[in-house]
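>>> Quick one, fold the following:
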Amino acid sequence: MVEQSKPLKKRFRIMRGTHRILKRKDPDSFYAAVAADGDFGDGVNPAFVVADEVHRWKTRKQIENWDVLSKGGITRRQTLTIAITTAGVQNESPLAWKLHEKTRRSKRASSRTIASTEDLRRRGGRRPSGSGDLAQGEPLAAAARRQGRGRRRLPH
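Got it, this is the predicted structure:
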């Protein structure tokens, strides 16, 4: 794709021997194709990981590599890890099943949050009486200011 696109060719350089694509202006930034059972150990610091056919990641080495890839960018401000797979068979791959269950739990929690937010909108941003430390019918923004929890900027 890089070789067939003039705009990409201007920005990137292919290093065939290392299976990497380098950014011309910043050679420390690169894209790399890594085998799931490859030997790369700790010390990787990825900003972006795409793991394909995760239902096939079954061996101890592959699961260790998943941990290194998915948690290796912890020192970065924003990382993104994407796992791509077909359904596979339940419990055939401990990693795929773990990710499946984590996603289901996250989806359930997210739908509860969305339902709570929609309920608050229907009430005009007011919580019903007996909602913890909020005064009866008090708007949420006012309660946050009263408790010193107004909008705060996050550190960069």
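>>> For Pro7, see how far away Ala35 is.
29 Å (CB to CB, to the nearest Å). C-beta: built from backbone N, CA, C; applies to glycine.
>>> same check, this time on Ile63
Using CB to CB, we find Ile63 at a distance of 38 Å from Pro7.
>>> next one: Ala32
21 Å.
>>> For the helix or strand hosting Ile14, which helices and strands make contact with it?
Per DSSP states H and E: Ile14 is located in strand 12-15. If you count contacts as 3 or more CB pairs under 8 Å, 6 or more residues apart in numbering; DSSP states H and E, strand 12-15 packs onto strand 20-23.
>>> So which residues make contact with whichever helix or strand comes after the strand it packs on?
Per DSSP H and E, the first helix or strand lying C-terminal to strand 20-23 is strand 30-32. Strand 30-32 is contacted from outside by Met15, Thr18, His19, Arg20, Ile21, Leu22, Lys23, using CB atoms under 8 Å, 6 or more residues apart in numbering.
>>> Can you say which of those are buried?
Arg20, Ile21, Leu22 (16 or more other CB atoms under 10 Å).
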